[in-house]
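Engineer: Fold the following for me, if possible:
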Amino acid sequence: MDTTLILVALIIAVALAFDYINGFHDAANSVATIIATRVLSPFQAVAWAAFWNFIAAFAFETGVASTVGKGMVDLKIVTPYVILAGLLGAITWDLITWYFGLPTSSSHALLGGYGGAAMAKVAMTMGVSHIFEALVIDGWIRTIAFIVISPLLGMVLAYLLMIAIFWIFRRASPTKMDNWFRMLQLLSSAIFSFAHGTNDAQKTMGIITGVLVTAGYLNTFVVPIPVIFAAHIAIGLGTLSGGWRIIRTMGGRLTRLKPRGGFSAETAAAMSILFATYLKMPVSTTHVIAGAIVGVGSIQRLKAVRWGLATNIIWAWVMTIPASAFVGAVVMFFIQLAFGKN
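Structural biologist: Reported below is the predicted structural model:
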């Protein structure tokens, strides 16, 4: 059998494994609020989220996939080995942060691992002074900008939604409000899970399509339909398995949520993610929902948010891209050392 075909099949399998881990890691984003408010049981919540993650396959174009696949790293220097090293870097960082219960971004881990592996390849073939030639700088500037913009937008929208809810229901009792929003939260969690699927599954599509292009199986960067469905199935199955350590952090430790707060956080986060997907920008659903939860908590009083935990989460966010880039670069170095492949 053709060794290139075997390598490509292996990389696609690793990419789908990453997609599964992404769903597993990010299950907390989709279900933490609805579990924290006791609208659904944990199993019901992850099944609900997994379903809407998959349904997103039928909705959006593949603009985010194109940004990830060819808008972050120069495809001229990318080889299947670079993509493999980048994926392993992302998976390693995801598993480390899952172990410690930190809701970091699988998206940024993927981008960091991919970029780090590409820079390592350039360093080994052209010299260290040329490493930034591996990157599409404009794509990185916009992505890094959204690391700041997306959680702030989620926080502001959630804050404004809470103000609107308190005003609209100002004559209703808290119990009546909670009864209404327990039902509405089913809708908001579905919209958020759908939004998560529209953005996050496309990142894996971009990586798989990138390897098909670099290996010569595709002439142009167009995401095949089987790749679209495979990515959504993998992320849906990952969500179904749930990442319970992170769910505890997001659902109860960051701030205490009531159904109206869960509705506001999920709705605000979904609006922010769908806006980014429309702009073809890969964003972190983790960052967005965490920002939205902080916005909900701060409407009551600033002390309602556990800022010490929030600070630890922010540090994990800051470390994600450089840490996964480092792991991706190390894996690329060992591939070169062991096999002479780059």
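Engineer: all helices of the stretch 1-150 of the chain, in order?
Structural biologist: Listed in chain order, the helices of the stretch 1-150 of the chain (DSSP state H, counting those that start in this stretch) span 3-36, 42-55, 63-70, 80-99, 106-126, 137-168.
Engineer: Tabulate those helices (CSV), appending distance to residue 293.
Structural biologist: For glycine as for every other residue, the C-beta is placed from the backbone atoms N, C-alpha and C. Formatted as CSV, the entries for those read as follows, by distance: least, CB to CB, whole Å:
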stretch, distance to residue 293
helix 3-36, 7
helix 42-55, 16
helix 63-70, 24
helix 80-99, 18
helix 106-126, 18
helix 137-168, 7
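Engineer: okay, these, which one's buried deepest?
Structural biologist: helix 106-126 (a mean of 26; mean count of other CB atoms under 10 Å).
Engineer: between that one and helix 63-70, how big is the angle?
Structural biologist: Here helix 106-126 runs at an angle of 20 degrees relative to helix 63-70 (axes from the mean of the first three to the mean of the last three CA atoms, to 10 degrees).
Engineer: next one: helix 106-126 to chain centre, how far?
Structural biologist: 18 Å (CA atoms, centre = their mean, to the nearest Å).
Engineer: Same check on stretch 194-211?
Structural biologist: Stretch 194-211 sits 9 Å away from the centroid of its parent chain (CA atoms, centre = their mean).
Engineer: I'd like to know the average pLDDT value across that stretch.
Structural biologist: This predicted structure assigns stretch 194-211 an average pLDDT of 88.
Engineer: Could I have the CA atoms of that stretch written out in PDB?
Structural biologist: The C-alpha atoms that make up stretch 194-211 are tabulated as PDB, following Å, rounded to 0.1, in the frame of the first residue of the first chain:
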ATOM      1  CA  PHE A 194     -25.400  24.400  17.700                       C
ATOM      2  CA  ALA A 195     -23.100  27.500  17.600                       C
ATOM      3  CA  HIS A 196     -20.300  25.400  19.200                       C
ATOM      4  CA  GLY A 197     -20.700  22.900  16.400                       C
ATOM      5  CA  THR A 198     -20.700  25.500  13.600                       C
ATOM      6  CA  ASN A 199     -17.300  26.900  14.800                       C
ATOM      7  CA  ASP A 200     -15.300  24.100  16.500                       C
ATOM      8  CA  ALA A 201     -16.000  21.200  14.100                       C
ATOM      9  CA  GLN A 202     -14.800  23.400  11.200                       C
ATOM     10  CA  LYS A 203     -11.300  23.600  12.700                       C
ATOM     11  CA  THR A 204     -10.800  19.800  12.300                       C
ATOM     12  CA  MET A 205     -12.300  20.100   8.800                       C
ATOM     13  CA  GLY A 206      -9.600  22.700   8.000                       C
ATOM     14  CA  ILE A 207      -6.800  20.400   9.200                       C
ATOM     15  CA  ILE A 208      -8.000  17.300   7.400                       C
ATOM     16  CA  THR A 209      -8.600  19.300   4.100                       C
ATOM     17  CA  GLY A 210      -5.100  20.800   4.600                       C
ATOM     18  CA  VAL A 211      -3.500  17.400   4.700                       C
END
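Engineer: rewinding a little: what's the closest of the helices of the stretch 1-150 of the chain to residue 320?
Structural biologist: Each of the helices of the stretch 1-150 of the chain was checked against residue 320 via CB to CB, and the shortest separation belongs to helix 106-126, namely 4.6 Å.
Engineer: ok so, going back, so which of the helices of the stretch 1-150 of the chain gets nearest residue 233?
Structural biologist: Between residue 233 and these, the shortest separation by CB to CB is 6.5 Å, and it involves helix 42-55.
Engineer: re earlier: select, out of the helices of the stretch 1-150 of the chain, the one closest to residue 236.
Structural biologist: helix 42-55 (4.0 Å).
Engineer: sorry, back to before: columns mean pLDDT on top of the helices of the stretch 1-150 of the chain, output as JSON lines?
Structural biologist: As requested, the helices of the stretch 1-150 of the chain are exported to JSON lines (pLDDT from 0 to 100):
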{"stretch": "helix 3-36", "mean pLDDT": "79"}
{"stretch": "helix 42-55", "mean pLDDT": "81"}
{"stretch": "helix 63-70", "mean pLDDT": "86"}
{"stretch": "helix 80-99", "mean pLDDT": "85"}
{"stretch": "helix 106-126", "mean pLDDT": "90"}
{"stretch": "helix 137-168", "mean pLDDT": "88"}
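Engineer: of all the ones you listed, which lies closest to residue 238?
Structural biologist: helix 3-36 (2.5 Å).
Engineer: Could you list the low-confidence segments of the stretch 151-300 of the chain?
Structural biologist: Applying pLDDT under 70 to the predicted model, the residue ranges of the stretch 151-300 of the chain that meet it are 242-257, 300.
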